[in-house]
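> give the three-dimensional model of this entry:
(chains A, B, C, D, E and F)
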There are 4 protein chains.
Amino acid sequence: MGIRERKERERERRRQQIIVAAKRVFSEKGFNKATMEDIAKEAELSPGTLYLYFKNKDELYASLSLRILQYLIIRLEHVNGNAELDSNQKIDALNEAMFDVYEFDPLIIINMFHLQSSETLKNLSDELLAEIEELSRKSLGAISNIFQEGIDDGVFVDKHPIALADIYWSLFSGVILWESSKKIINREKDYLKETLRIAFDVFSRGLKKNN
Amino acid sequence: MGIRERKERERERRRQQIIVAAKRVFSEKGFNKATMEDIAKEAELSPGTLYLYFKNKDELYASLSLRILQYLIIRLEHVNGNAELDSNQKIDALNEAMFDVYEFDPLIIINMFHLQSSETLKNLSDELLAEIEELSRKSLGAISNIFQEGIDDGVFVDKHPIALADIYWSLFSGVILWESSKKIINREKDYLKETLRIAFDVFSRGLKKNN
Amino acid sequence: MGIRERKERERERRRQQIIVAAKRVFSEKGFNKATMEDIAKEAELSPGTLYLYFKNKDELYASLSLRILQYLIIRLEHVNGNAELDSNQKIDALNEAMFDVYEFDPLIIINMFHLQSSETLKNLSDELLAEIEELSRKSLGAISNIFQEGIDDGVFVDKHPIALADIYWSLFSGVILWESSKKIINREKDYLKETLRIAFDVFSRGLKKNN
Amino acid sequence: MGIRERKERERERRRQQIIVAAKRVFSEKGFNKATMEDIAKEAELSPGTLYLYFKNKDELYASLSLRILQYLIIRLEHVNGNAELDSNQKIDALNEAMFDVYEFDPLIIINMFHLQSSETLKNLSDELLAEIEELSRKSLGAISNIFQEGIDDGVFVDKHPIALADIYWSLFSGVILWESSKKIINREKDYLKETLRIAFDVFSRGLKKNN
DNA sequence: TATGAATGAGCGTTCATTCAT
DNA sequence: GATGAATGAACGCTCATTCAT
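Numbers count the residues shown, from 1 in each chain, chains lettered A, B, ... in the order given. Here you go, the predicted model:
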């Protein structure tokens, strides 16, 4: 392993260290209340160091979404690649994968929509922006593939599979956002996971041609 | 019309003027990037004037959500009150109502989740908070009533109707949020409305016992 | 009584109404936390009206000091004019007068030093400034007269009577300020009046040649 | 000298730099008219930097009082600890100490009463508040000890020594406040010091049993 | 490379003052 | 004269970002 390579590896390690710290802090405080100093402290680094690895706060933030998308894609490709599953089983596997995504990082999804703001987007480098697009497209593509297969097999209703993928993702993140925001009208804990399960259930039923 | 009444009307006019301006600015920039001065400028007023009508930024913001909830409830009660509709027809009417809500104010829903933050809630007056809770409860209640009826009639799957209402709302707002955030991966316009329609369709199918 | 005179009288009545309200509000909140709107409300007038009678907040404030000085002067002249009292008795009478001043308006004295700030003074009209100077001089003069008499009679120590008057007033206001500020180290109530009494006592003893 | 120590020293230097600037600005403009930006400019720092060393404006302000109290206590303990002085000599020494306190920082005493406001106190950290209380108590205690001794020795009038200490402090600060506020009725300079001397003189005379 | 002290622009909010009615 | 809605300058404070070490 050359020096250059070792350096690169070290650099990546640092990046991950910061991302992990940022995730914790953003999750706890939300994007706006989390300060760069909070994150630096959590990462046991100085604020200045953060800027050696990320151009600015927005870009650090965006990197988090990247990470969860990467995890999601791995799970989805695993589902898609499993030739032994029929369409119905793949839907179940998809639902399970989404559950795992939620467990992997329950809170960051809530903040993921922060990226929406075009003001935020303006601060991102073109490379990062391209990467986000790429991963988003990839993950939605993987989901829509599952639906496409079911449609081709004649077991799913014949709707545009990309739209279905969008809807599926919307349902998933919508439930998480909404249930998390229910501090307003307090309800018992773990209600979220149960609701998520029902949501997947209803959606799956709606997807299938004959129930 | 007495002087008092005219004054009251004038005051309400100003409030609406501010709310309309705030809606535009919040929609464009999001809660945190929107400044009170932005809103004042948009309303062609001075910053100080905003505070004559709203206690603070949070409360101005919350007022926007109130407005759309009020509109939603009116529509929902109309659906619920119509004795001539069977359960299946009511679902259709519900979907139409939600469509109108979206058209009534397509952008504010995007930011509506900002209310979640307990930090935000802290700054709201008790009255406003109570009103938000009341309206939230009412609108979800109206939706769950429709589902309850269908379950009682034996035409809908037997799931907890309040959970179903939560999911329905999550799906609705989730799709709007997600599609609106798709500036990232630009797609043709009006795709949102079509997606929303498919989403309602799939959900309705999933809801019904026999397709 | 001519119309002009009646108007003038009416105008004076309003001024007093405002001054009384201002006294209450300034006493309760202090100069800086008291707003013109607070005072207007207390006077059951509108903020704009206050400016018909007083050039600005500073000038309204200064008028309060004027009023207490006027009361003080009346009391002092009464003491000085009483030919039946010898020097020792006049000191006692002086002390009593100061007690009454304190009771007349215990709190405003605390804020009276606000006038010190040259920034404040800048906002006062020349007439008002002249009037304050005149009354200050007069009241201190009346006090120093009492001391002068005692010195001339050979019963008081031979110090500069104007300096003594300054010291006497300093002691008086110093005790009030200090005791009022003792929220820091809380002590039992009415301690102030007792302390004031001891202060006068010690000062009087120090003033007299033979004890 | 270790790095840590050098840093600590540097930090203390900055604090003093700010305190000195704040003293000048507060003295000139009073607490309320002095802005943090004024102080920052005077200290040749940016506003943000002030907040690295002091939690807020109130706490910066309170630190000034702390400084003078610390100096006062040192002087007082020196007087109290000197076994060679009899009660009369201790009074003289006390008066000299107070003179030095005045010279040490003639202007800050003027504003020291600002601390009274419970609104101000609310913004202070518990530690700072405790420290202020502690130092106030200590300094008044030291003064009252001197009086107690004189009373025990039978040379001072038998009054409550704590009340006497309060009065002594009131007289001291009252004279400074009053004379400083005499910009209103301008008088020759150094009059203050002469007045202070007379004030101490009269008080001492009043304190002693036989003159 | 890493630091962390310093920056300074920016924001929410207040309130003395004005002026059209 | 009286009103009170509207103003807008001003302030305390925060925090993303920079840069000398």
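
> quick one, helices of chain A?
Remark: helices assigned in chain A by DSSP state H are A:3-33, A:36-42, A:47-53, A:57-81, A:87-104, A:108-112, A:118-122, A:126-152, A:161-180, A:191-207.

> quick one: which of those helices is nearest residue B:39?
helix A:118-122 (15.5 Å; Cβ to Cβ). For every residue, glycine as well, the C-beta is placed using N, CA and C.

> most tightly packed of the helices of chain A?
Mean neighbour count (mean count of other Cβ atoms under 10 Å in any protein chain shown) peaks for helix A:161-180 among the helices of chain A, with a mean of 23.

> so what secondary structure elements neighbour that one?
Counting contacts by 3 or more Cβ pairs under 8 Å, 6 or more residues apart in numbering or on different chains; DSSP states H and E, helix A:161-180 is packed against helix A:87-104, helix A:108-112, helix A:126-152, helix A:191-207, helix B:161-180, helix B:191-207.

> do the third one and chain B meet at all?
Yes - for a cut-off given as Cβ under 8 Å from any Cβ of the partner chain, helix A:126-152 has contacts with chain B, namely A:129, A:132-133, A:136-137.

> TSV for the helices of chain A, including distance to residue B:169 and mean pLDDT?
As requested, these are arranged in TSV below (distance: least, Cβ to Cβ, whole Å; pLDDT from 0 to 100):
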stretch	distance to residue B:169	mean pLDDT
helix A:3-33	22	89
helix A:36-42	33	97
helix A:47-53	38	97
helix A:57-81	24	91
helix A:87-104	19	92
helix A:108-112	16	68
helix A:118-122	26	70
helix A:126-152	22	91
helix A:161-180	6	90
helix A:191-207	11	92
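
> closest one to residue C:21 among those?
helix A:3-33 (42.7 Å).

> tell me who's in contact with residue A:101.
A:68, A:71-72, A:75, A:109 (Cβ atoms under 8 Å, 6 or more residues apart in numbering or on different chains).

> quickly list the domain ranges of chain A.
Domain segmentation of chain A under automatic domain parsing yields A:1-54, A:65-207.

> so for DNA strand E, which of these sits nearest?
Distance to DNA strand E, taken as Cβ to the nearest atom of the strand, is lowest for domain A:1-54 among the domains of chain A, at 1.7 Å.

> gap between that closest one and the chain center?
19 Å (Cα atoms, centre = their mean, to the nearest Å).

> ditto for stretch A:59-69
In terms of Cα atoms, centre = their mean, the centre of stretch A:59-69 is found 9 Å from the chain centre.

> residue A:75 - nearest residue in space that isn't next to it in sequence?
Using Cβ to Cβ, 6 or more residues apart in numbering or on different chains and skipping residues adjacent in sequence, the residue nearest residue A:75 is residue A:97, 4.1 Å away.

> can you tell me how far that neighbour is from DNA strand F?
For residue A:97, the distance to DNA strand F equals 34 Å [Cβ to the nearest atom of the strand, to the nearest Å].

> what do you get for residue A:120?
11 Å.

> same question, residue A:209
Distance, residue A:209 to DNA strand F, using Cβ to the nearest atom of the strand: 51 Å.

> does that residue really touch residue A:153, like I thought?
No - applying Cβ atoms under 8 Å, one finds residue A:209 not in contact with residue A:153, separated by 9.9 Å.

> from DNA strand F, how far off is the residue nearest to residue A:27 when sequence neighbours are not counted?
Distances taken as Cβ to Cβ, 6+ apart put residue A:107 closest to residue A:27, at 3.7 Å, once the chain neighbours are dropped. For residue A:107, the distance to DNA strand F (Cβ to the nearest atom of the strand) stands at 18 Å.

> list the contacts for residue A:107?
A:26-28, A:180.

> over to residue A:198?
B:159-160, B:163-164, B:167.

> what's the separation between residue A:129 and residue A:142?
Taken as Cβ to Cβ, to the nearest Å, the spacing of residue A:129 relative to residue A:142 amounts to 21 Å.

> wait, I meant residue A:162
Applying Cβ to Cβ to residue A:162 and residue A:142 gives a distance of 11 Å.

> right, and residue A:155 touches residue A:89 too?
No - distance between residue A:155 and residue A:89: 10.8 Å, which falls outside the contact criterion (Cβ under 8 Å).

> what sits in contact with each of those two?
Shared contacts of residue A:155 and residue A:89 (Cβ under 8 Å, 6+ apart): none.

> excluding chain neighbours, what is closest to the residue of chain A found nearest chain B?
Closest residue of chain A to chain B, Cβ to the nearest Cβ: residue A:174 (2.0 Å). Spatial nearest neighbour of residue A:174, excluding adjacent residues (Cβ to Cβ, 6+ apart): residue B:174 at 2.0 Å.

> that neighbour touches residue A:179, doesn't it?
No - assessed by Cβ under 8 Å, residue B:174 is found out of contact with residue A:179, at 11.3 Å.

> which residues touch residue A:192?
By Cβ under 8 Å, 6+ apart, the contact set of residue A:192 is A:175-176, A:179-180.

> at 10 Å instead, please
A:102, A:106, A:175-176, A:178-180, A:182, B:166 (Cβ atoms under 10 Å, 6 or more residues apart in numbering or on different chains).

> and those residues, which two are furthest apart?
Pairwise across the contacts of residue A:192, and taking Cβ to Cβ, the largest span is found between A:106 and B:166, at 16.9 Å.

> returning to that earlier point: can you verify my assumption that the residue nearest to residue A:75 contacts residue A:72?
Yes - applying Cβ atoms under 10 Å, one finds residue A:97 in contact with residue A:72, separated by 7.5 Å.

> so what sits against both of those two?
A:142-143.

> nearest to chain D within chain A, name that residue for me.
residue A:37 (11.6 Å).

> now do the contacts for the nearest residue to that residue once chain neighbours are set aside.
Residue nearest to residue A:37 in three dimensions, not counting chain neighbours: residue A:47, with 5.4 Å by Cβ to Cβ, 6+ apart. Shown in contact with residue A:47 (Cβ under 10 Å, 6+ apart): A:35-41.

> give me that answer again for 6 Å
Residue A:47 is in contact with A:36-37, A:40, counting by Cβ atoms under 6 Å, 6 or more residues apart in numbering or on different chains.

> and it, how far is that from residue A:56?
Distance of residue A:47 to residue A:56, computed by Cβ to Cβ: 12 Å.

> what does residue A:19 give?
Residue A:19 is 15 Å from residue A:56, by Cβ to Cβ.

> try residue A:26
Residue A:26 is 14 Å from residue A:56, by Cβ to Cβ.

> check residue A:203 too.
Distance of residue A:203 to residue A:56, computed by Cβ to Cβ: 38 Å.

> please apply the same query to residue A:48.
With distances taken as Cβ to Cβ, residue A:48 is found 13 Å from residue A:56.

> residue A:170 contacts residue B:178, doesn't it?
Yes - counting by Cβ atoms under 6 Å, residue A:170 touches residue B:178, with 4.2 Å between them.

> quick one: residues contacting the nearest residue to residue A:167 once chain neighbours are set aside.
Leaving aside its chain neighbours, residue A:167 sits nearest to residue B:199 (4.4 Å; criterion: Cβ to Cβ, 6+ apart). Contacts for residue B:199 were tallied using Cβ under 6 Å, 6+ apart; they are A:167, B:171, B:175.

> need those in TSV with distance to residue C:122, can you?
Listed next are those as TSV, based on distance: Cβ to Cβ, whole Å:
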residue	distance to residue C:122
A:167	68
B:171	65
B:175	63
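
> if we ignore the residues flanking it in sequence, what's nearest residue A:69?
residue A:135 (4.1 Å).

> please consider this matter closed, and thank you.
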